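Student: here is a sequence with its predicted model. Questions after.
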Amino acid sequence: MADTRMLKFTDRAQAYPPKREAEARTQDFLEIARPYIIAKAEEQAARCSQCGVPFCQVHCPLHNNIPDWLKLTAEGRLEEAYELSAATSTMPEICGRICPQDRLCEGNCVIEKDFGSVTIGAVEKFITDTAWENGWVKPVRILADRSAQSVGIIGAGPAGMTAAELLRTKGYAVHVYDRYDRAGGLLTYGIPGFKLEKSVVMRRVDRLRDAGIVFHQDFEVGRDATLAELRAKHDAVLVATGVYRPRGVDVPGADTAGVVEALDYLTASNRAGFGDLVTSVAAQAVVTSAAALDAAGKHVVVIGGGDTAMDCVRTAVRQGAASVKCLYRRDRANMPGSVREDAHAEEEGVEFVWLAAPAAIAPGGVTATRMRLAQAGPDGRRAPEIAPGGDFTAAADLVIKALGFDAEDLPGMFNAPDLGVTRWGTLRVDHATMMTSLPGVFAAGDIVRGASLVVWAVRDGRDVAAQIHQYLRAQVAVPAQAA
Ligand SMILES: Cc1cc2nc3c(=O)[nH]c(=O)nc-3n(C[C@H](O)[C@H](O)[C@H](O)COP(=O)(O)OP(=O)(O)OC[C@H]3O[C@@H](n4cnc5c(N)ncnc54)[C@H](O)[C@@H]3O)c2cc1C
Ligand code: SF4
């Protein structure tokens, strides 16, 4: 019998959950989208055209079974929809909130061009939030007892958390070491609450803790233990430390008072959201006071055009800045950040100054040079070049550097000179096994890819857990002394 519930895209318009008005949402750090009501989620899910080859699924890094869970949602079978979506993802409600869907699943939906894509991310978030509310999210199911073997995971971000969950499911003893005082990595301290409320992350962490995964917080590998010590303690080690070395702004005055790093700024704001007393932040040997990390009443200039810059400008608006400008050396069409986030920032009162690069920073202002875009190079990108005669000064009491991140020097920090790295400082791994140059030491997430996305960290966590499982099985079959 033909399915009459689906393929409603011709007579049902695309409708994302409504956003709160800019004026109201900039008064707090809560998420800006209201949740779907159930009827709306079912109605939107029914727009799916149930393609034979679902490009949304192909372009989702997790290859989530999107058409099937959309169909179950349209049929009102929400618990089954949740189970299907959870079968491929350890954090569907988080990806549903913060994936750049326009570049991934929704950007490849076949009805996108003519009718507007199915609102996949919003439905995914709805399904799993509903599952949490109804108690359908069950404790982690441990399938066997393999606790005689243990895995040490360095880094409690999405890559480390995903690997921890899946390895615990297999029955291994799992210990997670993280230098922050809370787990979650950039989900907790990088990404602001208006994109991802912290309770959503913490309930995931609690579920892992309840499964017997041991979290060692405030534990910095390199300071509190060497990599060699962790290798001696565990049968396998996973490095999932992310990338934290901020790219610099190479202009006079870039290191003076009133110039701060994006991640210091965002971390302080997220800490304030937890109710922590932020007195100062010490990173990269620079101590920044709490007052310096608060935009209230200040003229703020953020340098950069990626997602981190968008998070900074929108945080500054919420802190009550007198004005917020974003300086980017390319134009809107060539900015790396998501178009959706850029639109949110503009609605909230941020001024974008395109084709402008800082030339010098002094107390009270940033002097900037006008730029123009040259002809496209072999990589297809148009390099920015100086457009003579267009210098100007933007008033600034607080300047936030948001130019992206590179890998820290892990071989140096871990006292492990044999740990192989690429020329970008990311860890070199065997593509098939995800093992580093050190036997039994694996790596996953941003520390392998360079700065990337949460959904890719989850995917890598899933893949590396399977590789570590295989490795540990082989260790049991062929004990080390016999090998
Ligand atoms: C401001 C900002 C906004 C972002 N917004 C988005 C977004 O909207 N959508 C999206 O998909 N992606 C976004 N990203 C990217 C995303 O957050 C990352 O790609 C993802 O978190 C990488 O996961 P990970 O597990 O590899 O590393 P991380 O999340 O960085 O976690 C690494 C963990 O390792 C710990 N660690 C590091 N070194 C040590 C050590 N020596 N000892 C012990 N612990 C250590 C850290 O404390 C951290 O907890 C954003 C990134 C930033 C910076
Ligand atoms: S995980 Fe991300 S890319 Fe995959 S379906 Fe969900 S929102 Fe889309």
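Tutor: Perfect, thanks for sending it. Nothing here was measured: the structure is a model prediction, and the numbers come from that model. Numbers count the residues shown, from 1 in each chain. Ligands and ions are numbered 1, 2, ... in the order given.
Student: list the contacts for residue 374?
Tutor: If you count contacts by C-beta atoms under 8 Å, 6 or more residues apart in numbering, residue 374 has them with 382-385. C-beta coordinates here come from the backbone N, C-alpha and C atoms, glycine included.
Student: go on, residue 464?
Tutor: 159, 163, 238, 240, 434, 442-444.
Student: now, those that are in strands?
Tutor: The strands, defined by DSSP state E, take in 238, 442-443 from these.
Student: which of those residues are buried? Put it as a ChimeraX command.
Tutor: Buried subset of these, written as a ChimeraX selection, criterion 16 or more other C-beta atoms under 10 Å:
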select :238,442,443
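Student: closest to residue 365 out of the ones in strands among the contacts of residue 464?
Tutor: Nearest to residue 365, judged by C-beta to C-beta, of these is residue 443 at 42.7 Å.
Student: tell me what the closest one is bridged to.
Tutor: Counting by DSSP bridges, residue 443 is bridged to residue 239.
Student: that one and residue 430 touch, don't they?
Tutor: No. Checked against C-beta atoms under 8 Å, the pair residue 443 and residue 430 is beyond contact range at 10.1 Å.
Student: thinking again about what came up before, turn the ones in strands among the contacts of residue 464 into CSV, columns for distance to residue 168 and pLDDT.
Tutor: Shown next, in CSV, are these (distance: C-beta to C-beta, whole Å; pLDDT from 0 to 100):
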residue, distance to residue 168, pLDDT
238, 13, 98
442, 16, 98
443, 19, 98
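Student: quick check: which of the contacts of residue 464 are also close to ligand 1?
Tutor: Among the contacts of residue 464, the residues lying close to ligand 1 (C-beta under 6 Å from any ligand atom) are 159, 240.
Student: quick check, nearest of the contacts of residue 464 to residue 139?
Tutor: Nearest to residue 139 among those is residue 163, at 18.2 Å by C-beta to C-beta.
Student: could you pull out the strands for the stretch 51-200 of the chain?
Tutor: With DSSP state E, counting those that start in this stretch as the criterion, the stretch 51-200 of the chain has strands at 150-154, 173-177.
Student: partner strands of the last one, parallel or antiparallel?
Tutor: Right, strand 173-177. In the sheet, strand 173-177 lines up against strand 150-154 (parallel), strand 214-216 (parallel) (DSSP bridges).
Student: out of the ones you listed, which comes closest to ligand 1?
Tutor: Minimum separation from ligand 1 across the strands paired with strand 173-177 (C-beta to the nearest ligand atom) falls at strand 150-154, 5.1 Å.
Student: what about that closest one, near ligand 1?
Tutor: Yes. Strand 150-154 reaches ligand 1 (C-beta under 6 Å from any ligand atom) through residue 154.
Student: now stretch 416-431
Tutor: No. Using C-beta under 6 Å from any ligand atom, we find that stretch 416-431 stays clear of ligand 1, coming within 10.7 Å at best.
Student: quick one: end-to-end distance for that stretch.
Tutor: Distance across stretch 416-431, first residue to last, is 21 Å (C-alpha to C-alpha, to the nearest Å).
Student: kind regards, and thank you for your time.
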